[in-house]
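# Just the structure for this:
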Amino acid sequence: MFSVDLYMWFIFGLIFISVILFSIDKIPIEITSLAIISILIIIFQNSPILGAVSGVPVSLEVILRGFANPALIALMCLLIIGHGLLVTGALEDIAVWISGDKSHNTQIKFISVMFLVFILSALLNNTPIIVMFIPIILSLCKQLDQPSKYILIPLSYVCILGGMTTLIGSSTNLLVSGSVYSTIGKEIGFFDFTKQGMILALVGFIYATFLLPIILKTFNKKDNENIDDFQNDGKQYIVEILIEGGNPLIGKKFISGLLPEMENCSISLITRNKKKLLPPYDDLEIEFNDKITLSITKGNLTNALKRNDPIFDSISTLSETTKPEIIIEAAITPGSFLIGRSLNQTNFESEVNCKVVGIQQGVSTEIETLDSLKLNPGNIILLKGSEKSIRSLRGIKDIFPIEWSTIYLPSKLFALRARLIFVATIFLASSGLFNITAAAVMGAALMLIFRVLNVKDAVMSLDPRIYLLVASTIMLSIALQETGGAKFLADSIYDLTLDLSIIAVLSILFIFVAIITNFISNNATAVLFTPIAISLALDLKMEPEPFIYCIIFAANCSFATPMGYQTNLMVMGPGNYKFKDFLISGIPLVIILWLTYTLMITYMGF
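Predicted coordinates for the structure are as follows:
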C-alpha cells in the first residue's frame with residue numbers, strides 16, 4: 001500500500017520531468033501530453049487515497065475532470081469562433097482601418113493597439129478582450145506584412161497586465177476578493193490596488209511591447225527563415241485581374257520595376273487597349289481597364305479573396321449571396337480535350353459552370369494572357385464555383401479534381417453573420433449574463449448553425465496540441481491538489497517566512513506564488529494562498545491588505561507557461577508557438593515584476 005506522501009512526491013517528480021520535456025521541445029508536445037495522461041491514469045486507476053481537496057477517493061473520475069474542464073471547453077469553442085472570423089475576413093475592415101497606409105510607422109500602430117488592449121483589459125474581464133483582438137491582430141499583421149509570432153504573446157501579456165490593475169480585470173482578482181470576504185468579511189474595492197498594480201503593469205507593458213518582440217525575433221530566427229522559405233516555395237499560379245472602377249491600383253506607379261501594393265506577386269504582362277506591355281516597368285502608371293497577368297501562390301490569392309481585397313475584385317467570390325463558393329485545384333488528365341488548346345479556344349468554363357482563376361505553368365517561359373495559355377498534360381488549374389458545380393467536376397474526364405485542395409470562400413453575408421455572432425459572444429461574456437464557457441459554446445454552435453463554418457472547417461480549427469497540453473496540465477494540477485502537494489507548498493512558505501522582515505516576507509511570498517501560478521491554475525493558486533497570506537498578516541500584526549494585494553499581483557504573473565493563463569493558451573495555436581517560447585518570454589517578465597514589486601514596497605510602502 002502506497003502512502004499519500006509517496007503519491008505527492010511522485011506528482012512533483014512528474015511535473016518536473018514534464019516541464020523539462022515541454023521546454024527542450026525534442027519530443028512533440030502532444031506525445032509528452034499523452035504520456036502524462038497515460039501515467040496519471042495508470043497511477044490512479046485503483047488509488048487508495050482520499051483527495052485533500054475533494055475528500056473523496058482520487059479515482060479516474062476525479063483525475064479525468066481535466067478533459068471536461070470549463071476552461072478547456074471554452075478554449076476549443078473560442079478557436080472555432082476565431083476561425084470563423086478569420087476565414088470570412090469579418091474583421092479585415094477594422095484591420096485595414098487600423099493599418100492605414102503601410103508606408104507609415106507600423107511600430108506606432110502596434111503600440112496604439114497594445115495600449116488600447118491594456119486599457120480595455122483593466123475595465124473589462126481580460127478574457128473576452130483577447131478573444132476580440134486575436135483575429136484583429138492576425139488581420140493587422142497580414143495588412144502590414146508582419147509575422148504574428150512576434151505580436152501574439154505580447155498581446156496576451158498586455159491583457160494579463162491590464163487585468164491586474166482593477167478588481168474586475170481578471171477572474172483571479174475576483175476569486176481573491178471572494179476568498180477575502182469569506183475569510184475575514186472584508187470587501188475589496190474596484191480601484192483599491194490600482195496604484196500599485198499600475199506601476200507593475202506599466203513596467204510589464206514596456207517589456208511586452210518594446211523588448212519582447214525583439215526577443216521573439218532573435219530566438220525564432222531559424223523558424224522564421226523556414227517559414228519564409230516555405231512561403232516563397234509555394235506553387236505559383238498565373239492569374240489575371242481586370243482593373244475596374246474603384247480598384248486601388250488605378251494611378252499607382254511602378255517603382256524600380258516593382259508595384260509596392262503587389263509585393264507578393266510577380267507581374268509578367270499588362271494588356272492595355274489590346275497592346276501587350278512587357279517588363280521591366282519603369283514609372284509606368286496603372287490605368288482603368290488594364291488587364292494584369294501575374295504570378296501568385298494559391299495561399300496568397302485565396303487569402304486576398306477571403307479578406308475581400310479590392311485589388312482582386314474582378315475575380316472575387318465574396319458576394320451578397322447566401323451560398324459560399326469554392327476554390328479547388330484540378331489536374332489536366334492525359335488524353336484530355338484541353339491539351340494543346342487555350343481557354344479561349346474552348347467553352348470549358350461554360351460547360352463546367354466554373355471559372356478558371358489560375359493556371360500553374362511550371363517551368364514554361366511564354367508570356368501570355370490567362371485565356372491564351374496552351375494547356376499541357378499535368379497542368380494544374382485553379383477553379384472557382386458553387387459547391388454544386390464543384391461536385392459535378394468528378395464526372396468530367398478531361399480534368400481530375402484534387403479533393404483535398406478544396407477551400408471555401410464565404411460570402412459577405414457570412415462575414416456579417418460571423419461579426420454578429422462574435423459581438424454577441426463578447427457582450428454575453430463581458431456583461432456577466434453568461435460565463436465565458438457558456439458564451440463560447442453558444443458562439444461556436446451559432447457558427448455551425450448559421451453555416452459560417454462547416455463541420456470540417458470547425459474540426460480543422462481545433463489544435464490537438466493545445467487540447468492535449470491543457471488536458472494533461474489540468475490533470476497534473478488536480479493530482480497536485482488532491483495528493484496534498486499544493487497544501488505542502490503553502491505550508492512551506494508559511495514556515496519559511498515567519499521570522500523575516502515584512503518586506504522580505506512579501507517579496508518571498510510574491511515570487512513563490514508567481515512560480516506556482518504557472519504550474520497550477522492561477523485561480524486555484526489565488527484561492528489556496530489568500531487564506532495563508534491573511535494568516536501571515538495577522539501573525540505579523542499587520543493589516544491584511546498588503547498581503548492580499550501581493551497575492552493578486554503574483555497570481556497574475558502567469559507568463560512563463562502556456563497553461564499559466566487561458567489568454568496564453570488562446571494565442572498558442574494562432575501564433576504557432578512552442579512551450580519554450582513562453583519560457584523565454586515569460587521568465588524575464590516574472591523576474592522583472594518581482595524586482596519591481598520588491599523595490600516598490602521598499603521605497604513606496606505597502
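# What helices and strands are in contact with the longest strand along the chain?
Longest strand of the chain, by residue count under DSSP state E: strand 399-409. Counting contacts by 3 or more CB pairs under 8 Å, 6 or more residues apart in numbering; DSSP states H and E, strand 399-409 is packed against helix 298-306, strand 325-332, strand 380-386. For every residue, glycine as well, the C-beta is placed using N, CA and C.
# swap the cut-off to 7 Å and go again
On a contact count with 3 or more CB pairs under 7 Å, 6 or more residues apart in numbering; DSSP states H and E, strand 399-409 meets helix 298-306, strand 325-332.
# Mind checking the pLDDT average for that strand?
Summarised as a single mean, pLDDT over strand 399-409 is 80.
# one step back: turn the helices and strands packed on strand 399-409 into TSV, columns for mean pLDDT, mean neighbour count and distance to Phe582.
Below are the helices and strands packed on strand 399-409 laid out as TSV (pLDDT from 0 to 100; neighbours: other CB atoms under 10 Å; distance: least, CB to CB, whole Å):
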stretch	mean pLDDT	mean neighbour count	distance to Phe582
helix 298-306	80	20	28
strand 325-332	88	21	36
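# Show me the one of those that comes nearest Ser477.
helix 298-306 (38.5 Å; CB to CB).
# what's the angle from that closest one to strand 399-409?
Using axes from the mean of the first three to the mean of the last three CA atoms, to 10 degrees, one finds that helix 298-306 and strand 399-409 are set 50 degrees apart in direction.
# The helix or strand in which Leu476 is found: what's the following helix or strand?
Secondary structure from DSSP states H and E places Leu476 in helix 464-482. Using DSSP H and E, the next helix or strand after helix 464-482 towards the C-terminus is helix 485-496.
# Now do that next one: everything it contacts.
Applying CB atoms under 7 Å, 6 or more residues apart in numbering, the external contacts of helix 485-496 come out as 8, 11-12, 52, 480, 508-509, 512, 516, 520, 528-529, 532, 536.
# Centre of the chain to that helix, how far?
35 Å (CA atoms, centre = their mean, to the nearest Å).
# the inter-axis angle of that helix versus helix 464-482?
Relative orientation of helix 485-496 versus helix 464-482 (the same axes, to 10 degrees): 60 degrees.
# tell me the mean pLDDT over helix 485-496?
Rounded to a whole number, the mean pLDDT of helix 485-496 is 77.
# After it, which helix or strand is next?
Going down the chain from helix 485-496, the next helix or strand is helix 502-516, by DSSP H and E.
# the inter-axis angle of that next one versus helix 464-482?
Going by the same axes, to 10 degrees, helix 502-516 makes 130 degrees with helix 464-482.
# got the buried residues for helix 502-516?
Neighbour-count burial for helix 502-516 flags 502, 505-516 (criterion: 16 or more other CB atoms under 10 Å).
# circling back to that earlier point, reformat the contacts of helix 485-496 as TSV; add pLDDT and distance to Leu34.
What follows is these, written out as TSV (pLDDT from 0 to 100; distance: CB to CB, whole Å):
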residue	pLDDT	distance to Leu34
Met8	86	23
Ile11	87	18
Phe12	87	21
Ala52	72	27
Leu480	80	19
Ile508	92	37
Leu509	91	36
Phe512	90	31
Ile516	86	25
Ile520	72	21
Leu528	72	28
Phe529	80	31
Ile532	79	35
Leu536	80	40
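# Those residues: which two are farthest apart?
Using CB to CB, these reach their maximum pairwise distance at Ile11 and Leu536, which is 25.7 Å.
# Run through who's touching the helix holding Leu476.
With CB under 7 Å, 6+ apart, helix 464-482 has contacts from 11, 14-15, 18, 29-30, 33-34, 36-37, 40, 51-54, 58, 62-63, 65-67, 69, 72, 75-76, 486, 520-521, 524, 562-563, 569, 572-573.
# buried residues in that helix?
Of all the residues in helix 464-482, those buried under the rule 16+ other CB under 10 Å are 465-482.
# same check, this time on stretch 332-350
Neighbour count says stretch 332-350 has 332-333, 336, 338-339, 342-343, 348 buried, by 16+ other CB under 10 Å.
# just to revisit the earlier point, make JSON lines from the helices and strands packed on strand 399-409 and add distance to Lys456 to it.
Output for the helices and strands packed on strand 399-409, formatted as JSON lines (distance: least, CB to CB, whole Å):
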{"stretch": "helix 298-306", "distance to Lys456": "16"}
{"stretch": "strand 325-332", "distance to Lys456": "12"}
